[in-house]
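K.L.:
predicted model and sequence follow; I will ask about them next.
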Protein chains: 2
Amino acid sequence: MPSLASNHIRRCPVAAFQKMISGKYKLRILWDLQDGPQRYGELRKSLLRGAEGAPAIAPRVLSRELKALAQSGLIARKDYGVVPPKVEYRLTPMGRSFIPVVGEIRKWGARHLGGERLGLAS
Amino acid sequence: MPSLASNHIRRCPVAAFQKMISGKYKLRILWDLQDGPQRYGELRKSLLRGAEGAPAIAPRVLSRELKALAQSGLIARKDYGVVPPKVEYRLTPMGRSFIPVVGEIRKWGARHLGGERLGLAS
DNA sequence: CAGCATCCTGCGTGATACTG
DNA sequence: CAGTATCACGCAGGATGCTG
C-alpha cells in the first residue's frame, strides 16, 4: 500500500495523481518500462530520446525519480547483488494498470499539442 | 494555437502535457469548469472543497493558474467590463476535449489511491 | 469583485565530483 | 555500473496589503 501522506490528499484523486507523477521524468519512465524491465543505465539513455541536444539527466535526479516511483508502488527495484552492480526496474501490477492512462494522455497530447508520431518518443 | 515553447517539447506529448497541467490547481480548475462557466470568486471557493482546514488559495496563485490555462488554450476568459467587475472562465473546445482524460485520471486515482466517492471532490 | 505588488520560503532540477 | 555527496539556482506556492 503506497504511502501518500496527509489525509486530505487521499480524498482528492487528481491531487494525489499530480503528486505521484510530479517530476519531469516519471511519466516517461513508466512509459519506457512498459516493454519490460530496464536497468538504470538503459533508462538513463532512454530519457534522452526525443531531445537530441539535451544534456543527460543528472544521476541524482533519475535516482530520486526512481525511488519516488518505487515508494508510490508503481515500479519495483530488483538488485541482482552482483559486481559490477546490476539493478533492474520493472512495472508493478499497479504501475501496469496505469499505462493505459498514460496512453490516453499521450493520445490527447499528440492530437492537440502537435506531437505527431506516436511511435517512439515519450 | 497554443504556444508551448521549445521545439523539442512539441515532440514529446507527455512532457508538453506535464508542463500544461503543472501546478496544484490546473486539473481541478478544468474539472470544476466542466459544468459550465464560473467566476473568479466561485472558482476560489470551489478549490477549497475536499480540504476543509486548508487556507484559501492565494489570489496571486489562482490568477497565474488561470492565465496559464488560458494561454494553453484550455480555457477562455470573458470580462463583462462592468463595475463591480465580473469575469467568467469557461472551457474552450480544446479544454472540453481534455475532460475525458482528466476523467480517466480520476477513475484510476480513485481505484488505486484510496480516493473513494467520485462524486464531488476534485 | 477580480485581481496586482511585494516579500519570503522550500523544493525541484541541474552540474560536477566521487565511491563500493 | 549504479548510484551518493555537495553546491547552486530558479520558480512554484503562500501571506499580506492595496486598487480600479
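P.N.:
Thanks, I have the structure now.

K.L.:
hey, let's count contacts and neighbours off CA atoms from now on
P.N.:
Will do.

K.L.:
buried residues in stretch A:98-108?
P.N.:
A:98-99, A:101-102, A:104-108 (16 or more other CA atoms under 10 Å in any protein chain shown).

K.L.:
CA atoms only for that stretch - export them in PDB, please.
P.N.:
The C-alpha coordinates for stretch A:98-108 follow below in PDB (Å, rounded to 0.1, in the frame of the first residue of the first chain):
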ATOM      1  CA  PHE A  98      -1.500   3.000 -15.000                       C
ATOM      2  CA  ILE A  99      -0.100   2.600 -18.500                       C
ATOM      3  CA  PRO A 100      -3.500   3.000 -20.300                       C
ATOM      4  CA  VAL A 101      -3.900   6.300 -18.500                       C
ATOM      5  CA  VAL A 102      -0.600   7.500 -19.800                       C
ATOM      6  CA  GLY A 103      -1.700   6.200 -23.200                       C
ATOM      7  CA  GLU A 104      -4.700   8.400 -23.100                       C
ATOM      8  CA  ILE A 105      -2.600  11.400 -22.100                       C
ATOM      9  CA  ARG A 106      -0.200  10.700 -25.000                       C
ATOM     10  CA  LYS A 107      -3.000  10.300 -27.500                       C
ATOM     11  CA  TRP A 108      -4.600  13.500 -26.400                       C
END
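
K.L.:
so how far is that stretch from its chain's centroid?
P.N.:
13 Å (CA atoms, centre = their mean, to the nearest Å).

K.L.:
pLDDT of it, averaged?
P.N.:
In this model, stretch A:98-108 carries a mean pLDDT of 95.

K.L.:
is any residue of that stretch near chain B?
P.N.:
Yes - using CA under 8 Å from any CA of the partner chain, we find that stretch A:98-108 touches chain B at A:98, A:101-102, A:104-108.

K.L.:
need the contact partners of that stretch.
P.N.:
A:27, A:30-31, A:34, A:118, B:13-14, B:17, B:98, B:101, B:104-105, B:108 (CA atoms under 8 Å, 6 or more residues apart in numbering or on different chains).

K.L.:
from those, which is closest to DNA strand C?
P.N.:
Closest to DNA strand C out of these is residue A:27 (10.9 Å), distances taken as CA to the nearest atom of the strand.

K.L.:
in what helix or strand does the closest one lie?
P.N.:
Using DSSP states H and E, residue A:27 sits within helix A:26-33.

K.L.:
now for that helix, which elements pack on it?
P.N.:
When contacts are defined as 3 or more CA pairs under 8 Å, 6 or more residues apart in numbering or on different chains; DSSP states H and E, helix A:26-33 sits against helix A:40-46, helix A:59-72, strand A:87-91, helix A:93-112.

K.L.:
so which of these is the most surrounded?
P.N.:
strand A:87-91 (a mean of 21; mean count of other CA atoms under 10 Å in any protein chain shown).

K.L.:
near DNA strand D, anything from it?
P.N.:
Yes - Strand A:87-91 comes into contact with DNA strand D (CA under 7 Å from any atom of the strand), by way of A:87-88.

K.L.:
okay, residue A:66 and residue A:19: tell me how far apart.
P.N.:
14 Å (CA to CA, to the nearest Å).

K.L.:
please disregard the earlier target; I meant residue A:61.
P.N.:
With CA to CA as the criterion, residue A:61 and residue A:19 are 16 Å apart.

K.L.:
neighbours around residue A:80, how many?
P.N.:
The local packing of residue A:80 (other CA atoms under 10 Å in any protein chain shown) involves 11 other residues.

K.L.:
per-residue confidence for residue A:16?
P.N.:
89.
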